[in-house]
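Student: Give me the fold of what follows.
(2 chains)
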Amino acid sequence: MRVGVITFPGTLDDVDAQRAVRYADGEAVPLWHGDHDLKGVDAVIVPGGFSYGDYLRCGAIARFAPVMQEVIEAANKGMPVLGICNGFQILAEAHLLPGALVRNHKLHFVCRDQWLKVENNSTAWTTRYDQGAEILVPLKSGEGGYQANEDTLKELEDENRIVFRYVGENPNGSRNNIAGITNARGNVVGLMPHPEHAIDALTGPTDDGLGMFLSLLDTVVKA
Amino acid sequence: MSNVDTVKNAEATPDQEQPYKELGLKDDEYARIKEILGRRPTDAELAMYSVMWSEHCSYKSSKVHLKYFGETTTDEMRSKMLAGIGENAGVVDIGDGWAVTFKVESHNHPSYVEPYQGAATGVGGIVRDILAMGARPLAVMDPLRFGKPDAEDTKRVVLGIVAGVGGYGNCLGLPNIGGEVVFDESYQGNPLVNALCVGAMKVEDLHLAHASGAGNKVILYGARTGLDGIGGVSVLASETFDDSAGKRKKLPSVQVGDPFTEKVLIECSLELFEKGIVVGIQDLGGAGLSCATSELASAGDGGMHVWLERVPLRATGMTPAEILSSESQERMCAVVEPHNVDAFMEVCRKWDVIATEIGEVTEGDRLVITYHDEVVVDVPPRTVAHEGPVYDRPIQRPADQDELQANTPDSLPRPANDELLELIKTQAASPNLASKRWVTQQYDRYVRGGTVLAQPSDGGMIRIGEETHRGVALSTDCNGRYTKLDPYEGAKLALAEAYRNVSTTGATPVAVTNCLNFGSPEDPAVMWQFEQAVKGLADGCAELGIPVTGGNVSFYNQTGSTAILPTPVVGVLGVIDDVRRRIPTGIGAEAGETLLLLGETKDEFGGSEWAHVVHGHLGGLPPKADLQREKLLGEVLVAGSRDGMVSAAHDLAEGGLAQALVETCLVGETGARVFLEGDLFTELFSESAGRVLVAVPRTEEQRFTDMCTARALPWRKVGVVDPESNALEIQGLGELPLDELREAWEGTLPALFD
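Tutor: Okay, here's the model as predicted:
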């Protein structure tokens, strides 16, 4: 399994995403924002950070990077793509996923260990989880509040496209406690929390996040 | 060009008046500059000397005292030091081919004027210091001091500083693994923002700041140079704030940070280091190009020529003096051999980093700076960077020190036993002991995946590389109340606590850094505090056998004539060869644990939290520091970690055993039953140093206590962990439900600042 991990200027969690891929016995392939090809990878992770400083709207510049044009094309053909935190924001800006991420309702950056409920275990990235399972992974973001119009929210709910929901107190004001969503096909997933920081209980709160990368392994092997 | 003050012009107009006083230079300092140059300085030279001879850059009031660190450091203590005081940051060999560099620096005055940017650029500056040693920055920590928590202005300062530390550090991508948050009214008009960074490298990759080899090119890379932060060093950091009319308004002097540019600068620099194309490197911080060029040239073996018009600017109409003293952030200066310049530029292009060849190392021994072919600076660089004025300022023990020490807490009414449970809760909810989660949850502690321990642990711990289990632990500490009562003993106590915190994680302490925050050096009483604290810290280090590898001095921390509590923040670095053996702070990790108290409890309440919280009292003498005991305690803890005998440990500090119990239960989300003998108030609230609460698995209890006995470390069984109870029960007093304690401990800061 070869998994591309994109680095934009200002990307921070690329090393963590690469490590998570290796923990799942995959090969992590670094992809540079200016690249015009995906180097034959089986899947792509758009990691967290502050791409181009995010001084404009988060992810608004990154979606125009050359490598993102390749990602958009591949995703539309069914390649598994995961956007974590800033990666989720970029996928939303690129219209691979609906909605937008806005400033946390209490206005502070929030870094904490967050319980999530797995709402959909049939995406390319979540098959290793039991439906309804609760997992504990870090959440760390200043603009993590998920927003979408009522029609979109209804569509997401009706089509079972909400992948993760926050358990307990809503940490950032997300609509419907949404922590992560998928596209209609189930190959593109975006979430604000960081599964790549929860692959080893030594350095994370748990190893609950590893399931996402192992799920990908299953998906790729099956394909 | 006509209005540029050139050397030629300076020679022709020897009597022209210059604003040296406004730039912070004294009459005799100005006279000395004229003597060095044999003429009056140009505007640009005056700007350079004034910033480099400021208190902040030249250490002119502290130098004579800091020498004591060198005098008390033995060769044996120095044996692991690869670079020490005088470099950008100290470097320690930690074995296995790895070196670690760490340093803490102050950014106090800018953070009061503009809390967000002041704190943000404080983080940025210390990170570049670490980068300039050739290391990858790994983590940051921030010791902070604020005024009274409920005072009107405190909220503005707290919100701004915490958001600034987080905003910069989070975007930069460095985990924040600890620090301190302390409130005291002495910091009301002068908060302290100290920033620590730690980095790691392979020993052979160590880079020192020097410019050797005539013909080598000087390349400025990173952000453009603008008008921000001009005069920041000379005016902001070296004068007391004074609201009185007629003074120059100082607001525009705080720099503006751009963490994204710094992140790119880090990755770009590390790629340059990896390619081996950098001879010397220096960050641009306080005093900007003045500092970088004069320090590089001064530390090298030749002179330097700089073409100032080549410096990329972001403002129009900047004068040479402004370009030289701008403190625009996110800039570095490298010395590169001519044949490597193309390769250097190639890497910078990849990262979209602006890089410009602005100068050259020359044969001579002068630093010559031209601006459109006119010489505007022609100086011996050492006189700028290293041979500034030195003052042996008057020292006088404060007249009221005896009175302060005589006012002991012995006469304060002590609580009855039936009031102790409530006191435990009150104390846990007091701002200085309350959970700092409200602050630390605004900092990313996970990025890069190396964080093994972070707040609320006693120390932060980080794995230094992907391919190793080796790690370092860090703690910073200082109790300004203790230091006020006895600066010598107080500095030792700060060292003792940082040392103990590091040992408590299972790491072996190896090196010390410091950030000495004091009032005005022109006040003999402050200089006495400073001299005493330096002696206490240096003597303590000698006793522990670990060196001070670097530090920072911040004077003029006062509003009007009232100095802050003397605050020598001490940072201790420890090494652990396998981070998987770290000791956590919370109990309950193993089934069936016994609680042991290591060390001895005496009736010591001078400067204590109890005296502060309950009586608003500060007087008497602080607890006694016993560094031999701290050393023994450290050895026992490290042995306990190595042999898997300790499942949790928590240092006893402010608030004594009571607070340690509260925290170990809440962090571990597990209850405990505690049985104490003797006077329960003293047992629970005394702040005697040299004590640690440990939890040992019942299976290891005999082996561990045998070891303590054999090594003559006093120990006592004080309780058992009780996973079923969900309460902290103290025999003879009753029980405190954990959810009630949590509400008290965690509710305070959000209630104050949300």
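Student: how would you label residue B:433: helix, strand or coil?
Tutor: coil (DSSP: H, G, I helix; E, B strand; the rest coil).
Student: again but with residue B:639, I slipped
Tutor: helix.
Student: can you count the residues close to it?
Tutor: The tally of other residues near residue B:639 (other Cβ atoms under 10 Å in any protein chain shown) stands at 16. (Each C-beta comes from the backbone N, C-alpha and C, glycine too.)
Student: Please list all residues in contact with the closest residue to chain A within the stretch 151-300 of chain B.
Tutor: Residue of the stretch 151-300 of chain B nearest chain A, by Cβ to the nearest Cβ: residue B:260 (2.9 Å). Applying Cβ atoms under 8 Å, 6 or more residues apart in numbering or on different chains, we find residue B:260 in contact with A:9-10, A:50, A:52-55, B:171.
Student: ok, then the element right after the helix or strand containing it?
Tutor: If you go by DSSP states H and E, residue B:260 is part of helix B:259-274. Per DSSP H and E, the first helix or strand lying C-terminal to helix B:259-274 is strand B:280-283.
Student: so what secondary structure elements neighbour the helix or strand just after that following strand?
Tutor: Under the assignment DSSP H and E, the closest C-terminal helix or strand after strand B:280-283 is helix B:288-299. On a contact count with 3 or more Cβ pairs under 8 Å, 6 or more residues apart in numbering or on different chains; DSSP states H and E, helix B:288-299 meets helix B:43-52, strand B:217-222, strand B:280-283, strand B:303-307, helix B:320-325, strand B:331-336, strand B:367-371, helix B:381-385.
Student: quick check: angle from helix B:288-299 to helix B:43-52?
Tutor: Interaxial angle of helix B:288-299 relative to helix B:43-52 (axes from the mean of the first three to the mean of the last three Cα atoms, to 10 degrees): 80 degrees.
Student: Grab the longest helix from the chain for me.
Tutor: You didn't pick a chain, so chain A it is. What stands out as the longest helix in chain A, according to DSSP state H, is helix A:210-222.
Student: Please refer instead to chain B.
Tutor: Longest helix in chain B, counting by DSSP H: helix B:524-544.
Student: That one: which residues count as buried?
Tutor: By 16 or more other Cβ atoms under 10 Å in any protein chain shown, the buried positions in helix B:524-544 come out as B:525-544.
Student: Now the helix holding residue B:260: buried residues?
Tutor: For helix B:259-274, by 16+ other Cβ under 10 Å, it's B:259-270, B:272-273.
Student: Double-check residue A:160 against residue A:118; I have them as touching.
Tutor: No: the criterion here is Cβ atoms under 8 Å, and residue A:160 misses it with residue A:118 at 11.8 Å.
Student: who has more neighbours, these two?
Tutor: residue A:118 (22 against 13).
Student: Got the phi and psi for the more buried one?
Tutor: phi -80, psi 110 (degrees, to the nearest 10).
Student: any idea how far it is from chain B?
Tutor: 21 Å (Cβ to the nearest Cβ, to the nearest Å).
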